[in-house]
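**Student:** Sequence first, predicted coordinates after that:
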Amino acid sequence: MLSNIKTKILSELRKFDENASIEFSEHCDFTSTLAFKLAKKEKRNPTVIAEEIAAQISKNLADDVEVKALNGYLNFYLTDKFYGENLPKIFDFKFNTRDEKIILEHTSVNPSGPIHIGRIRNAIIGDCIGRTLKFCNYETEIHYYVNDMGKQIAIIALARQKNLKKELADLSDFIKNFVRNDYEILPYYIAGNEYYETDVEFKNQVDEIIKKAESGDKAPINLMKETAKFCLDGQKQALENLDIKFDKFDYESEFVENKKVNEVINHLCPDRKDNEPAEINLEEYGIKREKGKIIIARSNGTSVYLARDIAYHLYKINLINKFGSGKILNVLGEDHKQEFLELKTILEKKFNVTNISMSAIFFSFVNFEGKKFSTRKGNIITIDELISDAIEKAKNIMLEKNFATEGYKDIGIGAVKYAILKIDPQKQINFKLEDALNFEGETACYIQYAYARICRLIEKSNISEKGIKNLCISYQNVDDAELNLARNLIKFYDIAEKAGNEFRPNLLASYIYNLATLFSKFYDKCPVLNAEEDVKKRRLLLVVLVKFVLKNGLNLLGIKTIERM
RNA sequence: GGACCUGUAGCCUAGCUUGGAUAAGGCGACAGCCUUCUAAGCUGUAGAUCACGGGUUCAAAUCCCGUCAGGCCCGCCA
């Protein structure tokens, strides 16, 4: 949205230095430190240089931008005229279509039981990035990889077939009482893992299932597939409850069944002998392991996860190649850094994949009030329980304060999502439900509250939103609080694009919060409904703009708005 | 032992990629503001050796080197 004006400013500045750049600033709309750089080169005073440049370029920009030199900085201020013309364009702005397809994969929880809270950061970040990329008009497909092959699912499938359940005595009441497929699977998972470690016969049967499956035997494949699908069905509901949806579910078994995994192993280790593991060495590319080599397939012939992951990524690469160009993006926990690097290196060096960029958003783990969890022992907290707590808490607070009796769910879920999204993914989070649902300060609820106030304001104006949008107004002599809003509003699409391109949800989160604070200040300082007619119209339009941007911005974060609170 | 990430007021976070203005917010604390559009709000005060030690630079929270602390990985698990 601001790209035209940026280009215009830059073309002026590049007459002085072709590397000139401008940035958003707290002091003005854009700023440049060009004069400091020239000062070094020319050994002159930056203050003087900035003044000279400002004097020379201000005339060419005058219509849209005012240039001021201050202590060596070149500060640019968008004019009233610019705001008058461009603010209404916010309603209809659309990004141009792009010739890049992005395959985004996130969450991909193993189908071994209910999703525990350790995975929620992946889902929330991935969902936000997916929404943002789609909003920026990238051809985006959101994929979920289902691990319906391999040891864990074989263990569960066999335990389920033999009806080996573990008593749930150690589990929380929430888990014991929750009825859904994924919760039904959990006791088999816990029992199966115990048997696998203590019962040789059980272990041998599991190993046999995997071996037969990989050699193409339909029965064990179907057994595992069916078990995985059963569990996945429940997990999907947990995610849909958070309004997190996927375009495609990819099943690991497909790549075993269509022999792509075998092709990968044969390609990487053509000289491999029977009863020996297939292994490769990536040390020449700077990747070291303690034992040197990386195992691709076990000596009994079955593949390890990495081999199947390579086959899966070759499939994704094929999807992109069919489209033309694009990139692969995965949201992964920081524990997958090494594995992703190996995957990427193998694809680049051993499969000559050079035209497609592969990147990942790595996130650090969330510490939920100091608790450590082990899925195998079953002492977990599920995302359903966390969300149910959040909603319950939101409800209690609202009842206590005598607020509207609707929207608990969206407030509770929004609080959790915002608390996670506002923090840089690579930082560890100490999550406290208490803080997320504080409802004051930098929380989703603060933003939702601003939105609800806006809705009432528009309602009381007795002018339809459409009518307000069509008002013709000028931006002269506006209050500072109004100017601050205008300045912030106009950046929305640029921030969204940056957040999307750099995979940084926290940029969007803090932008939206900032807009909400500016609105609260405006609301406090500038009467709308009681202002004189021209001012009222201008302010109403601003209010409708804020509503539009808050709604769209929160939607990118996956957070719902509430009309009344 | 090796790889990667993090360290900013009592607590939590932004800023670091691309060095530049008084280090920006929130929680908590304290003091104000509702006969006027929702006070879940607004205004103000106190609170920071930007982990530590060097280096580069006119200029370092930001770049480089080292140290310390926390996280995470280095499996014929996924």
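**Tutor:** Perfect, I can see it now. Numbering: from 1, shown residues only, chains lettered A, B, ... in the order given.
**Student:** Quick check: the gap between residue A:201 and RNA strand B.
**Tutor:** Counting by CB to the nearest atom of the strand, to the nearest Å, the gap from residue A:201 to RNA strand B is 18 Å. Using the backbone N, CA and C atoms, a C-beta is placed for each residue, glycine as well.
**Student:** Which secondary structure elements does the host helix or strand of that residue sit against?
**Tutor:** Residue A:201 belongs to helix A:200-214 when assigned by DSSP states H and E. Packed against helix A:200-214 by the contact rule (3 or more CB pairs under 8 Å, 6 or more residues apart in numbering; DSSP states H and E) you find helix A:151-161, helix A:181-198, helix A:218-241, helix A:252-257.
**Student:** winner for burial among these?
**Tutor:** Ranked by mean neighbour count, the helices and strands packed on helix A:200-214 are led by helix A:151-161 with a mean of 24 (mean count of other CB atoms under 10 Å).
**Student:** Going by contacts, tell me the helices and strands next to it.
**Tutor:** Under the contact rule (3+ CB pairs under 8 Å, 6+ apart), helix A:151-161 is packed against helix A:181-198, helix A:200-214, helix A:218-241.
**Student:** Is it possible to get TSV of those helices that adds mean pLDDT?
**Tutor:** Converted to TSV, these look like this (pLDDT from 0 to 100):
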stretch	mean pLDDT
helix A:181-198	91
helix A:200-214	92
helix A:218-241	96
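**Student:** Looking at those helices, which is nearest to residue A:323?
**Tutor:** helix A:218-241 (26.1 Å; CB to CB).
**Student:** re the thing from before, switch the helices and strands packed on helix A:200-214 over to TSV; also include distance to RNA strand B.
**Tutor:** As requested, those are arranged in TSV below (distance: least, CB to the nearest atom of the strand, whole Å):
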stretch	distance to RNA strand B
helix A:151-161	4
helix A:181-198	10
helix A:218-241	10
helix A:252-257	7
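**Student:** Can you tell me which of these is nearest to residue A:561?
**Tutor:** Using CB to CB and comparing the helices and strands packed on helix A:200-214, the one that lies nearest residue A:561 is helix A:218-241, at 18.1 Å.
**Student:** So what touches that closest one?
**Tutor:** A:107, A:109, A:111-115, A:123, A:146-149, A:153-154, A:156-157, A:160-161, A:180-185, A:209-210, A:212-213, A:245-246, A:249, A:251, A:253, A:256-257, A:382-384, A:387 (CB atoms under 8 Å, 6 or more residues apart in numbering).
**Student:** for stretch A:400-415, same thing?
**Tutor:** With CB under 8 Å, 6+ apart, stretch A:400-415 has contacts from A:242-243, A:387, A:390-395, A:398-399, A:436-437, A:439, A:443-445, A:448, A:554, A:559-562, A:564-565.
**Student:** need the strands for chain A, in chain order.
**Tutor:** A:23-24, A:30-32, A:65-70, A:73-78, A:101-105, A:139-146, A:248-251, A:278-280, A:294-297, A:326-333, A:357-363, A:366-368, A:429-431 (DSSP state E).
**Student:** weakest of these in terms of mean pLDDT?
**Tutor:** Of all the strands of chain A, the minimum mean pLDDT falls on strand A:366-368 (a mean of 81).
**Student:** Which strands and helices lie in contact with that strand?
**Tutor:** Using 3+ CB pairs under 8 Å, 6+ apart: strand A:366-368 touches strand A:429-431.
**Student:** so who does residue A:82 touch?
**Tutor:** Here residue A:82 is in contact with A:5, A:63-65 (CB under 8 Å, 6+ apart).
**Student:** And the furthest pair within those?
**Tutor:** A:5 and A:63, at 10.3 Å, using CB to CB across these.
**Student:** Could you check which of these two has the larger neighbour count?
**Tutor:** Higher neighbour count among residue A:5 and residue A:63: residue A:5, with 20 against 10, using other CB atoms under 10 Å.
**Student:** And for the more buried one, nearest residue in space, chain neighbours not counted?
**Tutor:** residue A:64 (5.8 Å; CB to CB, 6 or more residues apart in numbering).
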